[in-house]
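J.: I would like to see how this sequence folds:
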Amino acid sequence: MGDAKPYRMHLRSLLNGPRLKLLICAVLVISLVATGFIWAPKKVTLSVDEKVLEIKTSKTYVHECIRQAGIVMGPDDMANLPLEAKVKNGTIIEIYRGGLVNITADGKVTTVVAAKATVGDVIEATGIVLQENDLTVPDRATRFKPGMEIRVIRVTEETKTREKPMLYPVERRVDNTLEKGVTHIMLAGRDGLKRETAVVRYEDGRETAVSVMEEQVITPPQPEVVLVGTRDTVETSRGSMRFSRALIMEATAYLPTDGSSEGITAIGIPARHGIVAVDPGIIPLGSRVYINGYGVALAADTGGAIRGEKIDLCMEDASEAWSFGRRPVKVYVLAE
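T.: Numbering: from 1, shown residues only. Coordinates of the predicted model:
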């Protein structure tokens, strides 16, 4: 009992002294700081409907910030954070609009209600597993919107070895002993054979690309050698004459009076031996031509039946015209 009195006196002295005042001040400061952090305005960012909203709020929870921003959430909508989660300065809240979506994968269509950030998130939420090479339409990083039609394309690759023909090349050689426009195969070509090792790409089982990794020649191809004529002269009864082109045409014969009783041609000169009727779209009127077996002639007439690569040779003897009949001839269009 003798020790209690000094203790009470010491306690009374402590409570009435400056130390108590310092302790009370410290407690008050800590309380004010703590409550100040709780009630101080925070900057919160909200993303919804492709819009970004920034608000200053003293609210505590996610759902309170959403309400403060005036955002109305539908029954299928979701946020990236739990609605009862606490917010702090710099919190980002994303609202995902929900709705029906059709997903085509592996030969079947799945219809679900989804509210996710991206196409890839929606596919993952349905339990469809995407392999590394698989494709999606739209791309899996595309922002999701309700009503989308999403397609999963399964991509596989297979290494194959197969034999393929090697097409022979064609080598053209100039030959001035052949007429211009004439070609002659000097050596026939022959295809070769090669073995390819390739990676074949399939999309939903359909081959879409082939990447050749290695080639091995089994039989090399044999080139075809073609002689190309360049000679532009023809020998006639009047000597060597230059020509611009040569045609194989179907020839017939007519008499000067077959077209009209006066025997006047389309360009207004008398029909006679050495005058031929042509299609002006093939050989222009006024052109000089040389026909094997007939000679040099002038394209000066036309005829109703002379269309395309046909030519009518004027002959002055009826029996000669009849005996000529119808035959193929080579026609040289002479150079000017």
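J.: Need the pLDDT of the closest residue to residue 320 other than its chain neighbours.
T.: The shortest distance from residue 320 to any non-neighbouring residue, by CB to CB, 6 or more residues apart in numbering, is to residue 253 (7.3 Å). In short, each C-beta sits where N, CA and C put it, glycine included. Looking at residue 253, its pLDDT stands at 95.
J.: any idea which helix or strand comes after the helix or strand containing residue 253?
T.: Assessed by DSSP states H and E, residue 253 sits inside strand 239-254. Using DSSP H and E, the helix or strand that follows strand 239-254 towards the C-terminus is strand 275-278.
J.: so what strands line up beside that following strand?
T.: strand 295-301 (parallel), strand 310-314 (antiparallel) (DSSP bridges).
J.: hmm, back to that, quick one: list the elements packing against the strand holding residue 253.
T.: The contact analysis (3 or more CB pairs under 8 Å, 6 or more residues apart in numbering; DSSP states H and E) places strand 239-254 against strand 233-236, strand 288-291, strand 310-314, helix 318-324, strand 327-334.
J.: now with 10 Å?
T.: Where contact means 3 or more CB pairs under 10 Å, 6 or more residues apart in numbering; DSSP states H and E, strand 239-254 is packed against strand 224-231, strand 233-236, strand 275-278, strand 288-291, strand 310-314, helix 318-324, strand 327-334.
J.: picking that back up, so of the strands paired with strand 275-278, which one's packed in deepest?
T.: strand 310-314 (a mean of 22; mean count of other CB atoms under 10 Å).
J.: quick one: that strand to chain centroid distance?
T.: 52 Å (CA atoms, centre = their mean, to the nearest Å).
J.: just stretch 273-285 next, same as before
T.: The answer for stretch 273-285 is 49 Å, by CA atoms, centre = their mean.
J.: ranges for the helices of the stretch 1-150 of the chain?
T.: For the stretch 1-150 of the chain, applying DSSP state H, counting those that start in this stretch gives helices covering 4-15, 18-39, 62-68, 119-125.
J.: where does the stretch 201-336 of the chain dip in pLDDT?
T.: 259-260 (pLDDT under 70).
J.: Break this protein into its domains for me.
T.: 42-96, 99-153, 158-228, 232-334 (automatic domain parsing).
J.: Now the terminal residues of the third one, how far apart.
T.: End-to-end distance of domain 158-228: 46 Å, with CA to CA, to the nearest Å as the criterion.
J.: Then the second one?
T.: Domain 99-153 stretches 23 Å from its first residue to its last (CA to CA).
J.: Tell me how far that domain lies from the chain's centre.
T.: The answer for domain 99-153 is 24 Å, by CA atoms, centre = their mean.
J.: as a whole number, average confidence for that domain?
T.: pLDDT averaged over domain 99-153 gives 94.
J.: Also the first one?
T.: Averaged over domain 42-96, pLDDT sits at 94.
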